[in-house]
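Novice: Give the three-dimensional model of this entry:
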Amino acid sequence: MSVFDKAKDKAEQVIGEVKEKLGQATDNRDLENSGKADQVSGHTKEAAHTARDKVAGAVHDAKERLDNDRR
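Specialist: Numbering: from 1, shown residues only. This next block holds a predicted model:
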């Protein structure tokens, strides 16, 4: 995951937390729920980026092992 992607995902989570708290403080359920949705979205994107990176690493390692076995 690039640093930029990680920062975007974290920012979405933080913005979501702020919106949720503001919604609670102002008794605005729509804003509160929007904040919760932003948090879930940020966490989901972060998890997807992490999984993508792990798979890419595993594929790279497997390719290297195959290349070494052929020598």
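
Novice: In the protein, which residue is most central in space?
Specialist: Nearest to the geometric centre of the chain sits residue 46, at 1.2 Å (CA atoms, centre = their mean).

Novice: wait, what's in contact with that one?
Specialist: Counting by CB atoms under 8 Å, 6 or more residues apart in numbering, residue 46 touches 1, 6, 9, 10, 13. Placement of C-beta: from N, CA and C, glycine included.

Novice: if I look at it, how far off is residue 15?
Specialist: 14 Å (CB to CB, to the nearest Å).

Novice: Other residues contacting the helix or strand encompassing residue 23?
Specialist: Using DSSP states H and E, residue 23 falls within helix 3-25. Outside helix 3-25, the residues that touch it by CB under 8 Å, 6+ apart are 28-43, 45-46, 49.

Novice: For that helix, the averaged confidence score.
Specialist: Helix 3-25 shows a mean pLDDT of 96.

Novice: Return the set of buried residues in it.
Specialist: By neighbour count on 16 or more other CB atoms under 10 Å, the buried set for helix 3-25 is 9, 12, 13, 16, 19, 20, 23.

Novice: Same list (those) but as TSV, adding distance to residue 60.
Specialist: Listed next are those as TSV, based on distance: CB to CB, whole Å:
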residue	distance to residue 60
9	23
12	28
13	29
16	33
19	39
20	39
23	44
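
Novice: now, among the residues you listed, which is nearest to residue 58?
Specialist: Distance to residue 58, by CB to CB, is smallest for residue 9 among those, at 21.6 Å.
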